[in-house]
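Peer 1: my questions concern the predicted model and sequence given below.
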Amino acid sequence: MIARRLISRWAVTALAATVALALAATNSASAPGADTENMTILVRSTGQGGLDPVVQTGSSAQKFVEPLYEGLVSYDSVARTYRPELAESWTVSQDGLVYTFKLRRGVEFHDGTRFNAEAVSVNYERTKAVNLGVAYLLEPLDRVEVVDEYTVRLVLKAPVPTFLFTTFRIKIVGPTAIRAHDVRGDRAQEWLKSNAVGTGPFQLVKWTPEQNEIIFKRFPNYRKGWKGKHLDVITYRRVFEPTTQRLMLERADGDFIIDQVQPQDVPALRRNRNLIVDVWSPAQSMFITMRSDRGPLASRKLRQALSYAFPYEEVQRALGGMAKPLIGPLPTALAEHDPTLAAPKQDLQKARELLAEAGYPNGGLTFDLIAIQALALERLPAELFQAAAAQLNIRINIQELTFPVMVVKFRNENEAADMGFLIVDAGGPTPDRILFEVFHSSSRGKVYNWSWYKNELLDRVLSTATQTANEKQRFELYRRAQRIIVGDAPAIFVMETPQLMARRTWVKGFKPDLISPHQLNLYDMYIEGRGR
């Protein structure tokens, strides 16, 4: 009943906002024009955190970083295999310590600098020096050897069977730009917040988050060329309210909504013959993180009690079956997922018992829970959780912030709130991104360990897993890590989040990514049939 009332209230609010906006825009709406190679993408955030591919690792920034930069390899989520990117081939030594990459010739950065082995060396050194974002992936790296202009060796301290994932995540920035804009040894961090020099198919024209807009244009010297149908200009337009986004899409004032359309809008959008709704289940986990380092939430039993209080089944019903239960920290699409874990279920009696054991038999606690503004996929479970916790005399104060502001807040030990919603996709075929970035202690204050959780045993298990060549042993270590996390309950495992996107029918060539759902295949996309 609560879920139905919530959705009904959202529907009424959305309808009122839609009608008001439609009346205001009656004279300004323009009819679709002829076919063009320009596409407008509607987003809730325009990358206020910056565009540095080392620092910005979240899905909210990936959609801007990926068209600009490339790594040595790419990952094909459909074929589930690595593909050559800036490296045309590679070999791995028998002991697994030396990766030798033969690099592509004739590749240019957006500033005209030639791509070569030195550029790779400069970027891997920069990533280690910056020591933020994806830098943890280079912990096993001993050194980079420039063999010749188009051959580079990455030498490891110990074998890492999944090291190709690292060479996919480390994007290559133009070395000339890094040197030219280094300020007091910052390796151009400040400059790269609002500028970009990569080898990707698109280059940055304009980055003005305060004006709610990012503009890319095709890079004419891109190594793959531009034969056939392609986009020319891509405009990311920040439109915060989902209802406004929907109206703009329906009026053809935008071509694509990529963050998340509201679940309650999906049926109506599907009935519109001018629109396509893409719904799929990527390898993506939604958590509610809980500060495990301070205050009442430092009690494992209290965190476990809140995990039992969460209304998992009610959330699933409210979303109409579009989401799947999250059983442990990893989505089931990853092979390392532990199939022996039990699906989480609400049990208020068990929650009361654990509250008493934690020293709070009568509840009487208050916690702040931060969610992304105007994101129904978080607002809905937040309100259902709030109602469930109230039955235990626990008050949940829901606050909403933009994601970039949330990132800054939760990476500050003094500012991080009690609880926060966090959606993390696998980003590749290994569990390392989720397990390391969300739960390894080295990620506190740097990546997404918003729980400020530390378990030295877990750290050792994860580090050993990445260096274990035997697949059976490696999988068992990853599954042991999942059992440790479940037992410690530093987060509530909310659901495997569905991806909900909507676009005009004239947007062609889009392919959903099963591993990195916000990563658009923009080079392969084009506009056809606009105005017909």
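Peer 2: Yes, it's here.

Peer 1: quick check: Lys102 vs Tyr222, distance?
Peer 2: According to C-beta to C-beta, to the nearest Å, Lys102 stands 20 Å off from Tyr222. Backbone N, C-alpha and C define where each C-beta goes, glycine included.

Peer 1: actually Leu341, not the one I typed
Peer 2: From Leu341 to Tyr222 the distance is 45 Å (C-beta to C-beta).

Peer 1: what's the answer for Arg483, then?
Peer 2: Distance from Arg483 to Tyr222, by C-beta to C-beta: 46 Å.

Peer 1: show me this structure divided up by domain.
Peer 2: What automatic domain parsing lists as the domains of the chain is 38-49+200-281+499-527, 69-182, 284-496.

Peer 1: pLDDT on the first one, on average?
Peer 2: Mean per-residue pLDDT for domain 38-49+200-281+499-527: 92.

Peer 1: over to the second one?
Peer 2: Domain 69-182 shows a mean pLDDT of 95 in the predicted model.

Peer 1: mind listing residues that contact the helix or strand hosting Leu422?
Peer 2: Using DSSP states H and E, Leu422 sits within strand 419-425. Residues from elsewhere that reach strand 419-425 (C-beta atoms under 8 Å, 6 or more residues apart in numbering): 58-59, 282-291, 297, 367-372, 377-378, 382, 396, 406, 410, 433-434, 437-438, 448, 450, 491, 494, 497, 515-518.

Peer 1: quick revisit: between Arg483 and Tyr222, which one's more packed in?
Peer 2: Taking other C-beta atoms under 10 Å, Arg483 and Tyr222 do not tie; Tyr222 has more neighbours (19 against 15).

Peer 1: which residues does that one contact?
Peer 2: Here Tyr222 is in contact with 199-201, 523 (C-beta under 8 Å, 6+ apart).

Peer 1: secondary structure class of Val486, three-state.
Peer 2: The three-state label given to Val486 by DSSP: H, G, I helix; E, B strand; the rest coil is helix.

Peer 1: quick one: it and Ile327 touch, right?
Peer 2: No: the criterion here is C-beta atoms under 8 Å, and Val486 misses it with Ile327 at 9.1 Å.

Peer 1: next, show the common contact partners of those two.
Peer 2: By C-beta under 8 Å, 6+ apart, the residues touching both Val486 and Ile327 are 341, 493.

Peer 1: follow-up on the earlier one: considering the contacts of Tyr222, which possesses the most neighbours?
Peer 2: Thr199 (27 neighbours).

Peer 1: so it: helix, strand or coil?
Peer 2: coil.

Peer 1: against Tyr150, how distant is it?
Peer 2: From Thr199 to Tyr150 the distance is 14 Å (C-beta to C-beta).

Peer 1: now Val120
Peer 2: Distance from Val120 to Tyr150, by C-beta to C-beta: 10 Å.

Peer 1: got it, and Leu275?
Peer 2: Between Leu275 and Tyr150 the distance is 46 Å, computed by C-beta to C-beta.

Peer 1: same question, Ile214
Peer 2: For Ile214 relative to Tyr150 (C-beta to C-beta), the value is 33 Å.

Peer 1: who has more neighbours out of the two?
Peer 2: Neighbour count, other C-beta under 10 Å: between Ile214 and Tyr150, Ile214 has more, with 23 against 17.

Peer 1: helix or strand: which one has the closest residue to that one other than its chain neighbours?
Peer 2: Once flanking residues are discounted, Ile214 sits nearest to Tyr236: 4.2 Å by C-beta to C-beta, 6 or more residues apart in numbering. Remark: Tyr236 resides in strand 233-238, with elements defined by DSSP H and E.

Peer 1: name the SS class of Met495, please.
Peer 2: strand.

Peer 1: and the strands in the stretch 351-500 of the chain, which stretches?
Peer 2: With DSSP state E, counting those that start in this stretch as the criterion, the stretch 351-500 of the chain has strands at 365-372, 394-401, 419-425, 491-496, 499-504.

Peer 1: I'd say Glu437 and Ser443 touch.
Peer 2: Yes: counting by C-beta under 8 Å, Glu437 does reach Ser443; the two are 5.2 Å apart.

Peer 1: tell me the residues that contact both of these two, please.
Peer 2: 136, 449.

Peer 1: run a quick neighbour tally on Asn362.
Peer 2: 10.

Peer 1: against Gly363, how distant is the nearest residue to it once chain neighbours are set aside?
Peer 2: The spatially closest residue to Asn362, leaving aside those adjacent along the chain, is Asn393, at 6.0 Å (C-beta to C-beta, 6+ apart). Asn393 sits 3 Å away from Gly363, going by C-beta to C-beta.

Peer 1: alright, I will stop here.
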